[in-house]
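Colleague: task: produce atomic coordinates for the following.
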Amino acid sequence: MSGVRVVIVDDHSIFRSGLRADLDAGLEVVGEAADVPGAVETIVREQPEVVLLDVHLPGAEGTEAAGGEAVIRRAGPRAPSTRFLALSVSDAAEDVVRVIRAGARGYITKGSSGAEVSRAVIAVAGGDAVFSPRLAGFVLDAFGAVVGETAATSDELDRLSSREQEVMRLIARGYAYKEVAAELFISAKTVETHVSAVLRKLQLSSRYELTAWATERRLL
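Modeller: Predicted coordinates:
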């Protein structure tokens, strides 16, 4: 997979420069940012396929625990086809879980090589979730532990029609509206209508909350 458009978000310019140089030639870096406001502006403007995102960034406000989480929550709804891949020096379970709950499609550490990062970007752009091996356990523990909530899953799913359930799963996996439309042989406008109905019935506010909801209930 080539021609993937990437935005790099990190508050260290030397790291951004080094990462840009190490990425495979088939990945096109279309923008960089060093803080939350700059990242949101760049992502909304460029609409990249993937954002390589540091977890800890300046510019978060109020109750926003970490800059990376803030970027996803602010930019995600305005860049619906963009997927976020956390790339951080931190391997703390709390950081991993928070950014995944916010909507990131993966989390790898800065100890990864340029080739490893490039493969992760391509995988995330293709709709896969990617985690550094030692971090995958955090995610499984965090989302697999929600046993009490799974009992409510059938009741919650009963609120959705069979078509809405199909759309919900694809959107939660990171598919763009056009990709869902092609997969289900319906129009993108119909997909949008179904997504609005799903969010309303499940009392969620964004596709990123939907991803977290579906992941916690092991529906992906």
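Colleague: show me which residues of whichever strand or helix holds Arg169 are buried.
Modeller: Element membership for Arg169 (DSSP states H and E) is helix 162-172. Using 16 or more other Cβ atoms under 10 Å as the test for burial, helix 162-172 gives Glu164, Gln165, Glu166, Val167, Met168, Leu170, Ile171, Ala172. Using the backbone N, CA and C atoms, a C-beta is placed for each residue, glycine as well.
Colleague: next one: stretch 4-23
Modeller: So, applying 16+ other Cβ under 10 Å, buried residues of stretch 4-23: Val4, Arg5, Val6, Val7, Ile8, Val9, Asp10, Asp11, Arg16, Leu19, Leu23.
Colleague: right, and the helix or strand after the helix holding Arg169?
Modeller: Toward the C-terminal end, the helix or strand that comes next after helix 162-172 (DSSP H and E) is helix 177-184.
Colleague: mind picking the two most distant members of the buried residues of helix 162-172?
Modeller: Glu164 and Ala172 (11.9 Å; Cβ to Cβ).
Colleague: closest to the centroid, which residue in this structure?
Modeller: By Cα atoms, centre = their mean, the chain has its centre lying nearest to Ala104, at 2.8 Å.
Colleague: that one: what's its closest spatial neighbour, skipping adjacent residues?
Modeller: Phe84 (4.4 Å; Cβ to Cβ, 6 or more residues apart in numbering).
Colleague: that neighbour: how many residues sit nearby?
Modeller: 29 (other Cβ atoms under 10 Å).
Colleague: do Gly76 as well
Modeller: For Gly76, the neighbour count with other Cβ under 10 Å is 23.
Colleague: OK, contacts around it?
Modeller: Counting by Cβ atoms under 8 Å, 6 or more residues apart in numbering, Gly76 touches Thr82, Phe84, Ala102, Gly103, Ser206, Arg207, Tyr208.
Colleague: can you show me the helices along the chain?
Modeller: Here the chain has its helices, by DSSP state H, at 13-22, 36-46, 67-75, 93-102, 114-125, 133-144, 147-150, 153-158, 162-172, 177-184, 188-202, 207-216.
Colleague: quick one, which of those is nearest to Leu53?
Modeller: Comparison of the helices of the chain against Leu53 by Cβ to Cβ identifies helix 67-75 as nearest, at 5.0 Å.
Colleague: how far out from the middle of the chain is that closest one?
Modeller: Distance, stretch centre to chain centre, for helix 67-75: 10 Å (Cα atoms, centre = their mean, to the nearest Å).
Colleague: pLDDT averaged over stretch 43-52, what's the number?
Modeller: What stretch 43-52 shows for mean pLDDT is 97.
Colleague: going forward can the numbers begin at 483, since that is how I track them
Modeller: Will do, 483 is the new start, and the previous item becomes stretch 525-534.
Colleague: buried sites along that stretch?
Modeller: Buried positions in stretch 525-534, judged by neighbour count with 16+ other Cβ under 10 Å: Ile525, Glu528, Pro530, Glu531, Val532, Val533, Leu534.
Colleague: coming back round to it: just give me the closest of the buried residues of helix 644-654 to Ile590.
Modeller: Checking these one by one against Ile590 (Cβ to Cβ), the nearest turns out to be Ala654, at 21.2 Å.
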